[in-house]
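Q: Predicted model and sequence follow; I will ask about them next.
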Amino acid sequence: MALSRRLVLAGLAGALAAPAVIGRAAAAGALVPARIGFIPVLGASQAFVADHEGWLKAAGIAPAFTTFESGPNMIAAVASGTIDVYVAGVSPLIVARSRGVDVRVVAATAIEEMTFVAAPKLAEHFAGGVAPAQAFAHYRAKAGAPARLATQPPGSVPNTTLQHWLWEVSKVDKADVTIVPMGIDATQQAVQVGAVEGATVREPAVTIIRERNPAIALVALGGEMFPNQPGTVVAATGAFLDKNPAQAQGLVDAVVKATKLIKEKPDRAAPAIEAALGKGIIDTATIRKALGSPASKFIADPRIIVEATAAMQRYQVVLGSLDKELPLDGLFEPRYYEKASATL
């Protein structure tokens, strides 16, 4: 894990050598370009809904969306100035700031997103409410090998959450499992085809894979794995925020409105989310079902996750994905949310 962190930091160091480039706000009334990087999970829904509803354009923003496989993979793009807005997990941002990258969380979008699902060969050992430690031990005894569990790279929220659930909550014997880091799409595919025995997945993947194979079991929800687990956030570079204050406020206003719409009118929100995440293979009905899943907890207030973020960082130090706790000072900038919540 320390090696993986060094690789992330090496990528950051290389990216930092490139100058930050921010689109210059043109004449009054012109739209400000905003290059938005996101990971394809339901926690990023507010960005798609805000765009579809025209709220980003109304705020003076011209968005351009780019998909990434994980938050750590997006950090180099943030550091090099090729991404202005980051929509992914909070943990990689802490490492980025420790390396001098000025990026700030302006809104949250979801909490407790991560779940653990078991493929059929492992799921049978959880039948009848068997405790995880016992289930994994039974699997290894029967299969003659540890269960392979897919998740995102070390240092990411999914990886940290999985290890916290395994070692701290469930007291699983480390000999009974092997953690296999991979991208989000690869994780979903791996558990669907049985290339791994379990995985951390978020919505809409939870709904999709269980619709395709009901024998895949939902074993643990996010709150069980890491209480108040910080999920997806909206962050922006300091350069974008400082140069475009009106658009920065408009971005957060749009996230707040989108959060409310998703909660109160999910039928209206679902088509925009399906258009962004569906890729022609997920229908709107599946997205609508995922919005109502117990794994979907949408929020916008970044203050809610501050303490949980600190707790997750402390655990990353325990795991070795961080050498030491890094300061959170300046990471969260809640003033945009506070203004939005007071006026909308």
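A: Good, I have the coordinates. Treat the numbers as computed from the prediction; the structure is a model and nothing was measured. Residues are numbered from 1 along each chain as shown.
Q: make it CA atoms for all contacts and neighbour counts henceforth
A: Noted.
Q: Just the strands from the stretch 51-200 of the chain, written as ranges.
A: Remark: strands assigned in the stretch 51-200 of the chain by DSSP state E, counting those that start in this stretch are 61-67, 85-89, 103-108, 115-118, 147-151, 177-181, 198-201.
Q: need the ones you listed in JSON lines with mean neighbour count, distance to Leu166 and mean pLDDT, can you?
A: JSON lines is the format used below for the strands of the stretch 51-200 of the chain (neighbours: other CA atoms under 10 Å; distance: least, CA to CA, whole Å; pLDDT from 0 to 100):
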{"stretch": "strand 61-67", "mean neighbour count": "16", "distance to Leu166": "29", "mean pLDDT": "97"}
{"stretch": "strand 85-89", "mean neighbour count": "28", "distance to Leu166": "20", "mean pLDDT": "95"}
{"stretch": "strand 103-108", "mean neighbour count": "28", "distance to Leu166": "26", "mean pLDDT": "97"}
{"stretch": "strand 115-118", "mean neighbour count": "25", "distance to Leu166": "10", "mean pLDDT": "98"}
{"stretch": "strand 147-151", "mean neighbour count": "24", "distance to Leu166": "11", "mean pLDDT": "98"}
{"stretch": "strand 177-181", "mean neighbour count": "18", "distance to Leu166": "9", "mean pLDDT": "97"}
{"stretch": "strand 198-201", "mean neighbour count": "28", "distance to Leu166": "12", "mean pLDDT": "97"}
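Q: okay, the ones you listed in TSV with distance to Gln188 next?
A: What follows is the strands of the stretch 51-200 of the chain, written out as TSV (distance: least, CA to CA, whole Å):
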stretch	distance to Gln188
strand 61-67	16
strand 85-89	17
strand 103-108	24
strand 115-118	10
strand 147-151	9
strand 177-181	12
strand 198-201	7
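Q: Which one, of these, ends up nearest to Ala246?
A: Minimum separation from Ala246 across these (CA to CA) falls at strand 61-67, 9.7 Å.
Q: So which elements touch that closest one?
A: strand 32-38 (3 or more CA pairs under 8 Å, 6 or more residues apart in numbering; DSSP states H and E).
Q: let's see it at 10 Å
A: Identification of packing neighbours for strand 61-67 by 3 or more CA pairs under 10 Å, 6 or more residues apart in numbering; DSSP states H and E yields strand 32-38, helix 45-52, helix 55-58, strand 85-89, helix 245-264, helix 266-277.
Q: strands paired with that strand, and their directions?
A: strand 32-38 (parallel) (DSSP bridges).
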